[in-house]
Structure formats: C-alpha cells, structure tokens
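Asker: below is the sequence, then the predicted model.
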Amino acid sequence: MRIVSGIQPTGRLHLGNWLGAIRNWVRMQNALEPGGQAFFFIADLHAITVPHDPAELRRATREIAAALIAAGIDPQRSVLFNQAQVAEHAELAWVLSCTARMGWLNRMTQFKEKSGKDREGASVGLFTYPVLQAADVLVYKATHVPVGEDQKQHLELARDIAIKFNTDMGVELFVPPEPIIPPETPRIRSLRDGTAKMSKSDPSDQSRINLTDTPDAIRQKIRRAKTDPEPLPAAAAGLEGRPEAQNLVGILAALTGRSADSVCAEFAGQGFAALKPVLADALVAELAPVSERLRMLLAEPERIDAVLAEGAARARAVAARTLAEVHAAVGFLKP
Ligand code: TYM
C-alpha cells in the first residue's frame, strides 16, 4: 500500500480538511503495514494557480506543515514535504499534459467554479491543475489517495491519464490510484449555507471552524450556525432537503464515530438548541489538543523547515526512479 495526498497552503486548515482528509491520513498512516509507505505534501505549486502573495505562501506552507504534525502525521513514519522542493512533480506534469486531452480537462468542474465568469483571465496553470495533481500521485505510484469528495473528479482523471499513458507507450508503468473518501462525511458544508462546501476561500470566517479557533470561537460559531426551525427526525433519511441540518448531524456523527441515523435517533423530536451544545463540546474535545500542539510547533519555524527538507530528499529518491522509467518509456535519450 502506498498512500499519497496533498493539501494547498491557501488560508488556514478547517474542519472540512480535518474530517474530509487529514484525520484519515493519520489513521491510514497509523494502520500502515510493514513495507507500506505514506507521502503527504503541501501543494505549493497548486497554490500559485491563482494570484498569491509570496510572504503569505511561505507563512501558510509552514503553518500547514506544523498543523499536519500537530494532527498526528509523524515525519519519521510518513514522508512530509512541500511539492515545489521535488522538481519531479512539475516534470512529470509536463509529460502527462501531453497524455491528457483538452476534452477531459474541459469537463473539470473545479476549473469552472474557480475561474467563474472570467475564463479568459484564468491562468493556464489553473486549467492544467488536475494534470499536476495526477503527476503528484502517479510519480509515487500511489495505490490509495485519501481525499474529500470534492477531489473525486480529479482522481478519476488521474486514473484515466495513468491508463492512457500505459496504453499509448505499451508499458505497465503507472498504477491507477483508488480514492479513499470518508463515507459519513464526504463533504463538509459551510455553517452559513448548507449548499456551499466549507472552504478556506470563503470570505466569511463564520462559515468554517478553523483548526486554530479557540474553544470560545468554536462554541460561538456553532451557536450561530444556520439551521431550520424543524425538529430532528428519527432517522437520517428525514434530513433530505435540509442541507444545514444534514451537515450538523453529519459532523457530530463523524466526530463521535457514529452513524447519522444514531445521532438522529438520540435527538429525535428535539430542535437544534439540544444538538448544538453537544456538537460544540465534541468539536472542542477533538480540536483543542491539535491547536495547542500547533501553537507550540509554530514557535520553532526552523524545525519545520528542516522536517520539510528531509521529507523532500526522501520523496525525490522515489520520484526520480519513476521519472527514469518515464524517460525510457517516452523515448528520451539518456544523458
Ligand atoms: P484542498 O487543499 O482544497 O483540500 C485538502 C483536502 O481537504 C478536503 N476538503 C474537504 N473535505 C470535505 N469537506 C470539505 N468542505 C472539504 N474541503 C476540503 C479535500 O478533498 C482534500 O482532500 N487539489 C487538492 C490538493 C492536491 C491533492 C493532490 C490531493 C494537490 N495534489 C494529490 C490529493 C492528491 C486540493 O485543492 O485540496
């Protein structure tokens, strides 16, 4: 088993990243059998596909690395690095951009969402973003990629690219990767609007729980979270058409390791005034230890830089072997 996943250093980590991805990364790392490997990286190359501030990128890259360590990613067991330090990602992305088809990329919903009405003004990198993401996982021959549901389409593209490259070149080089998506909480929604996903780029901080929020801030955000006036149903099926209610029930279910049905059964007939304090307590209990460790780690930025440099060296050793095979398969002359 070879696990690979990444996260963009844009803004702060939030509950969607936590329940959708990072918590799973830690679980999978801890369950690795001997011989298994895990690679987790900060996707700084992806972060520059939209306008950015260099100082803020450096800050966010360190902060996310620290948050991953605070969350339980162990840099001894897993390979933790920032993507830009491993040039093979960008090099493979070029080769794979000659495999991927325009029509495939035209179907990517994230590009449509992120470019909005200004398609012509979007960077070329934003359009080819999913090809770089395919390179990120294929360069390590990942077998499993733990992600939130919003990344499913990109992973399907990575599989298509892997299969087409192998077929075109007549090789068995790339392994089509399996996405691993948490079933109870495939997509965490904004606390202000149950139809939008919780996101680092939402201008309202009230829309998300950040990993760095204080217990008071968490309680206040949950108190103010949008709900509806209906009581909770006896089973999760009764939440249909109530996205905010569904979201809060899903979050509590994920935090307490239960099904949404069991949460509904407990609160059946009661309003959200009963569920919200229980949810806030569960959030504080889960996130407070992480944010405390994070604050301690941020006091030592040199240590974080050293961890990333060492991770990058280990990652390069694996990525370089794949690139050598790619050069041979494509027909590039050896030096
Ligand atoms: P990013 O940085 O937006 O998010 C990191 C991880 O968090 C998950 N996630 C969510 N899950 C559930 N609900 C939400 N509201 C939510 N918001 C974010 C994402 O699914 C993701 O798993 N393109 C990727 C980064 C990336 C990558 C990769 C991932 C680059 N290369 C290779 C996997 C493999 C992204 O922007 O994730």
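Answerer: Nice, thanks for sending it over.
Asker: going by C-alpha atoms from here, please, whenever you check contacts or count neighbours.
Answerer: Fine.
Asker: not counting its neighbours along the chain, what's nearest Leu126?
Answerer: Thr49 (4.9 Å; Cα to Cα, 6 or more residues apart in numbering).
Asker: before we move on, what about Leu96?
Answerer: The nearest residue in space to Leu96 (Cα to Cα, 6+ apart) is Val131, at 6.5 Å.
Asker: I figured the residue nearest to Leu126 hits Pro130, correct?
Answerer: No - at 11.2 Å, Thr49 does not count as touching Pro130 under the criterion of Cα atoms under 8 Å.
Asker: next one: the residue nearest to Leu96 from Asp216, what distance?
Answerer: Val131 is 41 Å from Asp216, where distance means Cα to Cα, to the nearest Å.
Asker: give me the more crowded residue out of these two.
Answerer: Ranked by neighbour count (other Cα atoms under 10 Å), Val131 and Asp216 place Val131 first, with 25 against 10.
Asker: quick one, phi psi at the more buried one?
Answerer: Phi and psi for Val131, reported as degrees, to the nearest 10, are phi -70, psi -40.
Asker: now swap in Ser5 and tell me
Answerer: Reported as degrees, to the nearest 10, the phi and psi values for Ser5 are phi -160, psi 160.
Asker: report how many residues lie close to it.
Answerer: If you count neighbours by other Cα under 10 Å, Ser5 ends up with 22.
Asker: separation between it and Ala236?
Answerer: 31 Å.
Asker: wait, Phe111 sits on Phe127?
Answerer: Yes - judged on Cα under 8 Å, Phe111 makes contact with Phe127 at a distance of 6.1 Å.
Asker: check Asp160 and give its pLDDT.
Answerer: Looking at Asp160, its pLDDT is 98.
Asker: phi, psi of it?
Answerer: phi -60, psi -40.
Asker: ok, now which ones touch Glu60?
Answerer: Let me fix one detail, which is that residue 60 is Ala and not Glu. 9-12 (Cα atoms under 8 Å, 6 or more residues apart in numbering).
Asker: hmm, 10 Å instead?
Answerer: 8-13, 42, 44, 54, 66 (Cα atoms under 10 Å, 6 or more residues apart in numbering).
Asker: by pLDDT, give me the weakest of the residues you listed.
Answerer: Lowest pLDDT among the contacts of Ala60: Gly11, with 79.
Asker: which phi and psi does it have?
Answerer: phi 70, psi -160.
Asker: gap between it and Leu279?
Answerer: For Gly11, the distance to Leu279 equals 24 Å [Cα to Cα].
Asker: neighbour-wise, which of the two wins?
Answerer: Leu279 (23 against 18).
Asker: how distant is the helix or strand where Val284 lies from the center of its chain?
Answerer: Element membership for Val284, per DSSP states H and E: helix 272-298. Its chain's C-alpha centre and that of helix 272-298 lie 20 Å apart, by Cα atoms, centre = their mean, to the nearest Å.
Asker: tell me which residues of it are tucked away?
Answerer: 272, 275-276, 279-280, 283-284, 287-288, 290-291, 293-294, 297-298 (16 or more other Cα atoms under 10 Å).
Asker: ditto for stretch 63-74
Answerer: So stretch 63-74, judged by 16+ other Cα under 10 Å, has buried residues 63-73.
Asker: sorry, back to before: which SS state does the residue nearest to Leu126 fall under?
Answerer: coil (DSSP: H, G, I helix; E, B strand; the rest coil).
Asker: tell me which stretches of the chain form helices.
Answerer: Taking DSSP state H, the helices of the chain run over residues 15-17, 23-30, 44-47, 54-71, 88-97, 102-106, 109-115, 124-138, 152-169, 215-224, 243-256, 260-267, 272-298, 301-330.
Asker: spell out which parts of the stretch 151-300 of the chain neighbour the ligand.
Answerer: 151, 186-189, 197-199 (Cα under 6 Å from any ligand atom).
Asker: just those now: which is nearest Asp118?
Answerer: Ser199 (20.5 Å; Cα to Cα).
Asker: tell me, how many residues neighbour that closest one?
Answerer: Neighbours around Ser199, by other Cα under 10 Å: 22.
Asker: which ones are touching it?
Answerer: Ser199 makes contact with 11-17, 188-190, 205, 207-209, according to Cα under 10 Å, 6+ apart.
Asker: let's see that with 8 Å instead.
Answerer: Per Cα under 8 Å, 6+ apart, neighbours of Ser199: 14, 16, 190, 208.
Asker: the first one reaches Gln206, doesn't it?
Answerer: So that's His14. No - using Cα under 8 Å as the test, His14 is too far from Gln206 to be in contact (11.5 Å).
Asker: any buried residues in stretch 28-37, and which?
Answerer: Using 16+ other Cα under 10 Å as the burial criterion, the residues of stretch 28-37 that qualify are 28-29, 32, 37.
Asker: that stretch and the ligand, any residue contact?
Answerer: No - using Cα under 6 Å from any ligand atom, stretch 28-37 stays clear of the ligand, with a minimum separation of 13.7 Å.
Asker: what's the span of that stretch from first residue to last?
Answerer: 10 Å.
Asker: list the contacts of it.
Answerer: 1-3, 38, 73, 77-78.
Asker: same check, this time on stretch 161-179
Answerer: Residues from elsewhere that reach stretch 161-179, judged by Cα under 8 Å, 6+ apart: 96, 99-100, 134, 137-138, 141-147, 152, 155, 158-160, 325-326, 329-330.
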